[in-house]
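> Here's my sequence, what's the structure:
(2 chains)
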Amino acid sequence: MQKTYNPNEIEKHWYSHWQQKGFFRSIPDERPSYTIVIPPPNVTGVLHMGHMLNNTIQDVLVRRARMQGFNALWVPGTDHASIATEAKVVRMLREQGILKSSLTREQFLDKTWEWKEKYGGIIFEQLKKLGASCDWERTSFTMDPLYYKAVIRVFVDMYRKGHVYRGLRMVNWDCEAQTTVSNEEVIYNEDGEKSTLYHLRYKIQGTNDEWVTIATTRPETILADTAIAVHPDDERFKHLEGKFALVPFINRPIPIIFDTYVEREFGTGCLKVTPAHDINDYEIGQRHNLPVIDIINDNGTLNELCQMPQYVGKDRFEVRKLIVEELKAATHLVKTEELINKVGRSERTGSIIEPKLSLQWFLAMKKLCEPALEHVMNDDVRLIPEKYKNTYRHWMENVRDWCLSRQLWWGHQIPAYYYGTGDTDFVVAETPQEALELAQKATNNPTLTATDLKQDPDVLDTWASSWLWPIAVFDGFENYDMATQTMGSNNTELNYYYPTAVLVTAPEILFFWVARMVIAGYEYMDARPFKDVYLTGLVRDKLGRKMSKSLGNSPDPFDLIAKYGADGVRTGMLFSSPAGNDLMFDESLCEQGSKFSNKIWNALRLIKGWDITNEDNPNNQPVMAWFESKFNQMLANTEQLYSQYRLSEALTTVYSFIWDDFCSTYLEMIKPDYEQPIDRTTYEKTLFFFEQIMKVAHPFMPFLTEEVYHQLQNRTDNDCIMVSAYPKIGKIDPNAIDCGEALRDVLSKLREVRAKKNIKPRDPLPLFAKVANTATYQPIKSLLIKKGFLASFEYATDDIPNSAPFMVGTDTFYVALGDTMDIDAERERLQKDLAYQIGFKDSVNKKLSNEKFVANANAIVIEKERQKLADAETKIKLLEESLANLN
RNA sequence: GGGUUGUUAGCUCAGUUGGUUCAGAGCACUACCUUGACAGGGUAGGGGUCACUGGUUCGAGCCCAGUACAACUCACCA
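Next up is the predicted model:
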């Protein structure tokens, strides 16, 4: 065997072995199911550190469940990410000299599918490297034919139920890309941008020289003004009530209105209201029934509604310059001031976002949210960590309607078919055929043909497909009947796997995705989509910065795997991953993980090097009994931690159990002398123990543990650790534990004495024990002699002069030193200890003599304090005796 | 600006419903140790006013209030 563990070959071998044996495959059977659906990474992506963490956690959970006897299924898949993918393909085409606008929709989609086939699978290969035990035969994609149908069906269903409507909304318009962009795609420069605030005066209608002065950064939009707003409590403008102002140049009278939105301190305290071109103004307009005048075209130029022909067709920023000059000349410009404000820019093109009113498809959220809020609040769906319940509630209670339209081609084309130009001249249907029938009925025109219908060119928001994920990956909508609103009962897969066990995802998509899946779950299945939602933290770098491509501070996960092995990286990620908190990733954690692999590997080497004898060695009995109880204790601890999703702590528990208890203590104790054989009983028990701890470690380190499992014994191909039974918690014998701990403690104290007294580790020493119960020490006596390198071990009833004493619990031990004893140093040590014990006793005494403490504290606490007092008194007595003996 | 959550050793974090002298773990650090599974190892150590200020309590790292700083999130001043 190699002296160090080399993961790369071993990992490749076992992954393909597992796959070949079909161990990842799940089909419904009589066992209980344990299902996880992967949060679909977007198809454009390569795995980043966030995915690594997320998928490691899922794999740990699913592997453990599989070993525990669940029919475990982890469904992999990707979403089509309409915005990101389309942007990527557009860029690729541009580099080839092809403009999107020169292609038909079909041609563009062909190119995109081509791209998807080529690059969309990369992420799966990466997941395999990580060890992910996904059922690859179930790989799902949000644009698969059945999935596509499901998304369309749900849209139609929601429309027929009255939840989907078409409405005017202010959207973020990218004039360059000629598309709306979502709020998330609007970026603001952190420090703001330099702007000019123009103070402009408008004449009050019907007066000669009375003016009102507003302040604006967008003077070109005055031509779309429909009101001027002031704060209702602002005394300065009380007199303007009921009056009208005249828009410069075009002299449109606009009312002075009163609205608390206006900040009195800002600018002049007067706000021009332009409902068509500002989201807040739009809302004010709604409140005051103002007309909407839209003077800006989709490409950012002004249209004839501005009523100034010289500006029509010119870009809004050019018009800004021109109109400022004209305003100045016409004495409307009172003054200008510099202003730093936040300007929204498109993430994609960098151009300034134009707020724009547009007809969009919306999903009314209020009603749909009710069950989704309730079932999270009452923990039917449990959020972990719980703190997200607050955030969740806040969002659900203030939810806005969901804009479903995206002005893109890549995605699910909205199944609305227009037969006329009127706002209501459309039908919504699952297929063009059905749409035609409906349109014929609606128009009362049976001669209407398919070519008379024009399908809405927009696609649905990507979340409008991924919110169906836990249902749609099982083809859940195939049998959905819209008329009766029932899912159909003959989908065995859906019935078996839904609801899923847990969703593991990042908190930033709690609303975009998680909340919406909960909504869809209750709407269609009348059941939660998952029992638990484990929200992982963000992966940050050492400096606490979020890892991102643009910062370049994210290591390549596959360089890491090549360097430390997948097991090393998995444990490295989890070492520093407190439940739900951010993770400060440091490569050295992976190094720690790979060292751990190596430690286990070398324990294996040790055991494999032993010869076996049939001669019995009863000395090892207490060590094995101790280990067995400790193992069960550890197992109970990890179970507890798993149930709270404290995976980092579960791993740490396993880590220190293997390193400290198994390697440093157990193996050291039972290890035969150099080139000596080991007795068969101990050997076989040790193999069993090793196997057990490998099983517990398997979810964290699947590859190494599989290799060790096969190295420990000859096994058939099908006998793999990943499908073996997870250990069950057995008996914990406190006496066995005490005995083993006593052994460990005495040996440790002996080493300490040797270190302090400068005695070589293997110089034989005589040890005397003055103990309460010799039965504790009798079984471990020979091991103490052997491992403690003792010349002798004897019980004593009195202090031993010229010795170095130490205590284990309330038992005293004396290392006889003879002449080498340093009496002064010893006295000093004892006195120090005595002072500590007296201090301790005093503090306990103080507590116990405090009437209020005795009156208020509960009985168990008081009893504990009494015990402490008694222990301290015993120790003090012993220390005093020892001191007396020194003199 | 609103809401939420943090602040414990040089670093990353525990501290389970206030009760051991409670101030912990891992990493890093210091000293010593190498024919023996592993120097990617072993043994023994040093290291913290629990952000700050008050309060509640017999008792506070833990509960309450305020302050400072940080992060997340929602809305963003024309």
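
> use CA for all of it now, contacts and neighbours both
Fine.

> tell me the contacts of whatever residue of the stretch 101-250 of chain A ends up closest to RNA strand B?
When distances are taken as C-alpha to the nearest atom of the strand, the stretch 101-250 of chain A reaches nearest to RNA strand B at residue A:216, 4.1 Å away. Residues in contact with residue A:216, defined by C-alpha atoms under 8 Å, 6 or more residues apart in numbering, are A:197, A:198, A:199, A:200, A:271, A:272.

> Dig out what it forms beta bridges with.
Beta-bridge partners recorded for residue A:216 (DSSP bridges): residue A:198.

> just to revisit the earlier point, can you redo the contacts of residue A:216 as JSON lines with pLDDT, neighbour count and distance to RNA strand B?
Output for the contacts of residue A:216, formatted as JSON lines (pLDDT from 0 to 100; neighbours: other C-alpha atoms under 10 Å; distance: C-alpha to the nearest atom of the strand, whole Å):
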{"residue": "A:197", "pLDDT": "90", "neighbour count": "20", "distance to RNA strand B": "7"}
{"residue": "A:198", "pLDDT": "93", "neighbour count": "23", "distance to RNA strand B": "9"}
{"residue": "A:199", "pLDDT": "93", "neighbour count": "20", "distance to RNA strand B": "9"}
{"residue": "A:200", "pLDDT": "94", "neighbour count": "25", "distance to RNA strand B": "11"}
{"residue": "A:271", "pLDDT": "92", "neighbour count": "25", "distance to RNA strand B": "5"}
{"residue": "A:272", "pLDDT": "94", "neighbour count": "25", "distance to RNA strand B": "6"}
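
> want to try CSV for those, with distance to residue A:838 as columns?
Putting the contacts of residue A:216 into CSV (distance: C-alpha to C-alpha, whole Å) gives the following:
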residue, distance to residue A:838
A:197, 75
A:198, 79
A:199, 79
A:200, 83
A:271, 76
A:272, 79
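
> out of the residues you listed, who's nearest residue A:839?
When the contacts of residue A:216 are ranked by distance to residue A:839 (C-alpha to C-alpha), residue A:197 comes first, at 71.5 Å.

> in the helix ranked longest in chain A, what's buried?
As far as residue count goes, and with DSSP state H defining each element, the longest helix of chain A is helix A:859-886. Using 16 or more other C-alpha atoms under 10 Å as the test for burial, helix A:859-886 gives A:862, A:865, A:868-869, A:871-873, A:875-876, A:878-879, A:882-883, A:886.

> Might you enumerate the residues of the stretch 351-500 of chain A proximal to RNA strand B?
Applying the criterion C-alpha under 7 Å from any atom of the strand, the portion of the stretch 351-500 of chain A that neighbours RNA strand B consists of A:387, A:388, A:390, A:391, A:394, A:395.

> Inside helices: which ones of these?
Using DSSP H, the members of those that fall within helices are A:388, A:390, A:391, A:394, A:395.

> Now restrict the residues you listed to buried residues only.
Buried residues within these, counting neighbours by 16+ other C-alpha under 10 Å: residue A:388.

> Save the ones in helices among the residues of the stretch 351-500 of chain A next to RNA strand B as TSV, and put in distance to residue A:291 and pLDDT too.
Converted to TSV, these look like this (distance: C-alpha to C-alpha, whole Å; pLDDT from 0 to 100):
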residue	distance to residue A:291	pLDDT
A:388	41	84
A:390	39	80
A:391	37	82
A:394	33	81
A:395	31	83
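
> what residue ranges in the stretch 501-650 of chain A are flagged as low confidence?
The model of the stretch 501-650 of chain A has pLDDT under 70 over residues A:542-545, A:548-552, A:577-581.

> what about the strands in it?
Using DSSP state E, counting those that start in this stretch, the strands assigned to the stretch 501-650 of chain A run over residues A:530-535, A:539-540, A:583-584, A:612-613.

> farthest pair in the residues of the stretch 351-500 of chain A next to RNA strand B?
Among those, the pair separated by the greatest distance (C-alpha to C-alpha) is A:387 and A:395, at 13.6 Å.

> Near RNA strand B, which residues of the stretch 651-800 of chain A? Just list them.
Contact residues, the stretch 651-800 of chain A versus RNA strand B (C-alpha under 7 Å from any atom of the strand): A:656, A:659, A:663-664, A:667-668, A:673-674, A:748-749, A:751-752, A:755-756.

> got the contact list for the residue nearest to residue A:638 when sequence neighbours are not counted?
The spatially closest residue to residue A:638, leaving aside those adjacent along the chain, is residue A:650, at 5.0 Å (C-alpha to C-alpha, 6 or more residues apart in numbering). Remark: with contacts taken as C-alpha under 8 Å, 6+ apart, residue A:650 is in contact with A:637, A:638, A:641, A:642.

> Most neighbours of all these, which one?
Highest neighbour count within those, by other C-alpha atoms under 10 Å: residue A:638, with 21 neighbours.

> That one: what's it in contact with?
For residue A:638, the contacting residues are A:649, A:650, A:653, A:654, taking C-alpha under 8 Å, 6+ apart as the criterion.

> any idea how far residue A:505 is from the second one?
Residue A:650 sits 19 Å away from residue A:505 when distances are taken as C-alpha to C-alpha, to the nearest Å.

> Go ahead and confirm residue A:765 touches residue A:815.
Yes - applying C-alpha atoms under 8 Å as the test, residue A:765 and residue A:815 come out as touching, 6.8 Å apart.

> what does the stretch 151-300 of chain A put close to RNA strand B?
Taking C-alpha under 7 Å from any atom of the strand as the criterion, the stretch 151-300 of chain A approaches RNA strand B at residues A:188, A:215-218, A:261-272, A:279-280.

> Mind checking which of these land in helices?
Those of those mapping onto helices are A:279, A:280, per DSSP H.

> Just the ones of the residues of the stretch 151-300 of chain A next to RNA strand B in strands?
When DSSP state E is applied, those are split such that A:188, A:215, A:216, A:270, A:271, A:272 fall in strands.

> Kindly indicate which of the residues you listed lies nearest residue A:828.
Of all those, the one with the least separation from residue A:828 (C-alpha to C-alpha) is residue A:188, at 67.5 Å.

> Neighbours of that closest one, how many?
If you count neighbours by other C-alpha under 10 Å, residue A:188 ends up with 16.

> what residue is smack in the middle of chain A?
By C-alpha atoms, centre = their mean, chain A has its centre lying nearest to residue A:536, at 2.4 Å.

> Quick check: that residue touching residue A:505?
Yes - taking C-alpha under 8 Å as the contact criterion, residue A:536 and residue A:505 are neighbours in contact, 6.0 Å apart.

> what touches both of the two?
When contacts are counted by C-alpha under 8 Å, 6+ apart, residue A:536 and residue A:505 have residue A:54 as shared neighbours.

> So which residues lie in contact with stretch A:239-247, not counting its own?
If you take C-alpha under 8 Å, 6+ apart as the criterion, stretch A:239-247 is touched by A:202-205, A:211-212, A:222-223, A:225, A:228, A:252-257.

> again, only using 10 Å
Judged by C-alpha atoms under 10 Å, 6 or more residues apart in numbering, the contacts made with stretch A:239-247 from elsewhere in the structure are A:201-207, A:210-212, A:222-228, A:230, A:232, A:251-258, A:272.

> Quick check on these: which are buried?
A:201-205, A:211-212, A:222-228, A:230, A:232, A:252-258, A:272.

> Now do the contacts for the residue of the stretch 401-550 of chain A found nearest RNA strand B.
Residue of the stretch 401-550 of chain A nearest RNA strand B, by C-alpha to the nearest atom of the strand: residue A:508 (4.7 Å). With contacts defined as C-alpha under 10 Å, 6+ apart, the neighbours of residue A:508 are A:514, A:535, A:536, A:537, A:538.
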